[in-house]
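>>> Provided below for reference: sequence and predicted model.
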Amino acid sequence: MAQNINVALDLVAIQPIFDFELFKVKAQDQEDVKQNAIVQILTSLADPRYVVTEDTLFSFAQRIVQRTVADYYRKKYRMIEVNSTSVHFVDAVDEETGEGGSNAFNYKVEDFGYQISELRVDYRMYKQDFSPQERKVIDYLLYNGDAPAMQMKEITDLLGIDKSHGSRAFHKLRNLANRSEACA
């Protein structure tokens, strides 16, 4: 087994990677993606499976930054916006003593954006076009609140389905959404 050589991460030396790769990311998200990439680089450098030398550090870091940007787009593309409203109400509370408040309630509403509702309707209309495995994946994606932030491999592993079924299902769903937008 190869011995891992300790390499110090010089952020100035790998800044050209960030300059080149992060131009593809929205300005408001660039710092978050950069921090995620740095964490991934440091984690990988600490992993004994990877042997990184001073000569290979730049290409090693570049590959990780590229993958982090790809992950950013994968998550952003599948992100489903959730609109929420919270209301906190307390009636007649004395600010100094904190007493009173006979009428109090909290109310929170979470509602998916309009596009997810349309996509659900379109999916129900064309559900027969999907295989049983693909339906499991799409049902999970459309009706589970945690799914939009998950990678397809995580979803298919959770459902016990081959990843290829998940990829095909997502591709069909994307085409369905594009078809519906074209008709509108």
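The structure has been received and is ready for your questions.
>>> domains for this protein, by residue range?
Per the record, the chain has its domains at 14-82, 112-181, by the TED database.
>>> Select, out of those domains, the one closest to A8.
domain 14-82 (8.9 Å; Cβ to Cβ). In this view, the C-beta of every residue, glycine as well, is placed from N, C-alpha and C.
>>> picking up where we left off before, I'd like the domains of the chain laid out as JSON lines, including mean pLDDT, mean neighbour count and distance to A8.
Formatted as JSON lines, those follow (pLDDT from 0 to 100; neighbours: other Cβ atoms under 10 Å; distance: least, Cβ to Cβ, whole Å):
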{"stretch": "domain 14-82", "mean pLDDT": "84", "mean neighbour count": "15", "distance to A8": "9"}
{"stretch": "domain 112-181", "mean pLDDT": "79", "mean neighbour count": "15", "distance to A8": "31"}
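>>> Check which helix or strand F170 maps to.
helix 163-183 (DSSP states H and E).
>>> Can you tell me which helices and strands that helix packs against?
Counting contacts by 3 or more Cβ pairs under 8 Å, 6 or more residues apart in numbering; DSSP states H and E, helix 163-183 is packed against helix 114-125, helix 132-143, helix 152-159.
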